[in-house]
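**Student:** From the sequence below, what's the structure:
(chains A and B)
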Amino acid sequence: MIPVADAIRAAKEGGDVAALVEAIPYLRLLGISVTAASGELIGKMAYSDPLIGNASLPALHGGAIGALLESTAIMAALWESETVVLPKIVTITIDFLRSGRPVDTFACGVITKGGRRVVNVGVEAWQEDRARPIARAHAIFLVQPADDPAG
Amino acid sequence: MPGLVKSLLHSPAPRLMTSPSEKLNTPAGLLEAITQMVPHNQAIGLRFVSLEAERITMALPYAERLVGNPATGVIHGGAITALLDASCGLAVFVKLGAPMPIATLDLRIDYLRPATPGKEVRARAECFRVTHHVAFVRCEAFHEERPEAKDVVAVANGTFILFRGRPHWSAGKTP
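**Tutor:** Numbering: from 1, shown residues only, chains lettered A, B, ... in the order given. Reported below is the predicted structural model:
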């Protein structure tokens, strides 16, 4: 078990979530990284064959695209809130807009409302052209401020 | 259900024909083969469990590499998403009874409680309505302590677009 609270604090103080993302096994498995670039947190899922859901097209698995959307949204929620735990997902609704081709996929989340306990995030994923998203989602997370240890 | 097997076996989908075996002669064997031919399913350890009436069950065994929160050992929501998406897609195939490319239009997932670390998560999906273009599916992810008791982790509703008249897998996706 890794002290995630420390990693969260370090990420926020250092302005970089890379180490935190690297500590999450499922994101390593999928090749997902999240970096801060020009004021935005950008998630990236580097293409690899195990991400394929349809080998004959080929196309990325909806679950892999969903994981990229969700983890990018989690990091956005973490960034914008005063939470001491990883944001807990309550619900996510994913619209699959285009088939995910076997190339790198990117995502960016925007906080639609950030409260003390609830954070709403909209997140979009794209490949070569950001103007042509392959999927978008909105997700709701519970967070826990430092002065509210009851959770 | 034999119709499903027959039509899938005689479909032009080349991936189904690469490893013909006796197992493909049963609906469950065929669904298992469809599950296993998906690289992402294999990467996360997803497997087909059973087909009862038109409800399919899949399983995601617990593994360290699926963990989303290293502080608690709870698996990542994305792994549950993959389980639910795959289960919903398979349920659509079962309902259609014929090979046809499909694609997920949308998937809403409510996470009722965190999955328990160390425990396998199962999902049961049923396609409850099919129109000419769209299939509607609901699915539950749960821990199964006893056959009669379920500990529901997540519920999902999904819609799928059907590419009727496109017998080849030139569009859409497999579960």
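
**Student:** Just the strands from chain B, written as ranges.
**Tutor:** B:47-52, B:55-60, B:67-69, B:74-75, B:102-111, B:121-130, B:134-146, B:149-162 (DSSP state E).

**Student:** Paired strands for the longest one, with orientation please.
**Tutor:** Translated: strand B:149-162. Strand B:149-162 has these partner strands in its sheet, going by DSSP bridges: strand B:102-111 (antiparallel), strand B:134-146 (antiparallel).

**Student:** want to throw those strands into a markdown table with distance to A:Arg130 and mean pLDDT?
**Tutor:** Using the backbone N, CA and C atoms, a C-beta is placed for each residue, glycine as well. Rendered in a markdown table, the data for those read as follows (distance: least, C-beta to C-beta, whole Å; pLDDT from 0 to 100):
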| stretch | distance to A:Arg130 | mean pLDDT |
| --- | --- | --- |
| strand B:102-111 | 21 | 96 |
| strand B:134-146 | 29 | 91 |
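
**Student:** Distance to B:Pro61 for those strands - can I get that in JSON lines?
**Tutor:** Supplementary listing: these in JSON lines, determined by distance: least, C-beta to C-beta, whole Å:
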{"stretch": "strand B:102-111", "distance to B:Pro61": "19"}
{"stretch": "strand B:134-146", "distance to B:Pro61": "12"}
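
**Student:** Need the winner for burial among those strands.
**Tutor:** Scoring these by mean neighbour count under mean count of other C-beta atoms under 10 Å in any protein chain shown gives strand B:102-111 as the most buried, with a mean of 21.

**Student:** Now do that strand: distance to the chain's middle.
**Tutor:** Counting by C-alpha atoms, centre = their mean, to the nearest Å, strand B:102-111 is centred 12 Å from the centre of its parent chain.

**Student:** Give me the contact list for that strand.
**Tutor:** Residues from elsewhere that reach strand B:102-111, judged by C-beta atoms under 8 Å, 6 or more residues apart in numbering or on different chains: A:62, A:66, A:88-96, A:99, B:77, B:80-81, B:84-85, B:88-89, B:92-93, B:96, B:134-135, B:153-163, B:171-173.

**Student:** Can you select the buried ones from those in PyMOL?
**Tutor:** Buried members of the contacts of strand B:102-111, identified by 16 or more other C-beta atoms under 10 Å in any protein chain shown, are gathered into one PyMOL selection as follows:
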select buried, (chain A and resi 62+66+88+89+90+92+93+94+95+96+99) or (chain B and resi 77+80+81+84+85+88+89+92+93+96+135+153+154+155+156+157+158+159+160+161+162+163+172+173)
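
**Student:** per-residue confidence for A:Thr83?
**Tutor:** The pLDDT attached to A:Thr83 in the predicted structure is 82.

**Student:** tell me which residues form a beta bridge with it?
**Tutor:** Per DSSP bridges, residues listed as beta-bridge partners of A:Thr83: A:Pro145.

**Student:** cool, A:Thr93 as well?
**Tutor:** Taking DSSP bridges as the rule, A:Thr93 bridges to A:His138, B:Arg108.

**Student:** and it, how far is that from A:Val123?
**Tutor:** In this structure, A:Thr93 and A:Val123 are 11 Å apart, going by C-beta to C-beta, to the nearest Å.

**Student:** repeat for A:Val103
**Tutor:** As for A:Val103, its distance to A:Val123 is 19 Å (criterion: C-beta to C-beta).

**Student:** Put the alpha carbons of the helix or strand where A:Ser71 lies into PDB.
**Tutor:** Using DSSP states H and E, A:Ser71 falls within helix A:62-80. Coordinates of each C-alpha in helix A:62-80 appear next as PDB, following Å, rounded to 0.1, in the frame of the first residue of the first chain:
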ATOM      1  CA  GLY A  62     -14.600   0.900 -25.100                       C
ATOM      2  CA  GLY A  63     -13.400   0.000 -21.700                       C
ATOM      3  CA  ALA A  64      -9.900   1.300 -22.400                       C
ATOM      4  CA  ILE A  65     -11.400   4.600 -23.700                       C
ATOM      5  CA  GLY A  66     -13.600   4.700 -20.600                       C
ATOM      6  CA  ALA A  67     -10.500   4.200 -18.400                       C
ATOM      7  CA  LEU A  68      -8.700   7.100 -20.000                       C
ATOM      8  CA  LEU A  69     -11.700   9.400 -19.700                       C
ATOM      9  CA  GLU A  70     -12.300   8.400 -16.100                       C
ATOM     10  CA  SER A  71      -8.600   8.700 -15.000                       C
ATOM     11  CA  THR A  72      -8.200  12.000 -16.700                       C
ATOM     12  CA  ALA A  73     -11.400  13.200 -15.000                       C
ATOM     13  CA  ILE A  74     -10.100  12.000 -11.600                       C
ATOM     14  CA  MET A  75      -6.900  13.900 -12.000                       C
ATOM     15  CA  ALA A  76      -8.900  17.100 -13.000                       C
ATOM     16  CA  ALA A  77     -11.100  16.700  -9.900                       C
ATOM     17  CA  LEU A  78      -8.000  16.200  -7.700                       C
ATOM     18  CA  TRP A  79      -6.400  19.200  -9.200                       C
ATOM     19  CA  GLU A  80      -9.400  21.500  -8.700                       C
END
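
**Student:** Cheers, nothing more for now.
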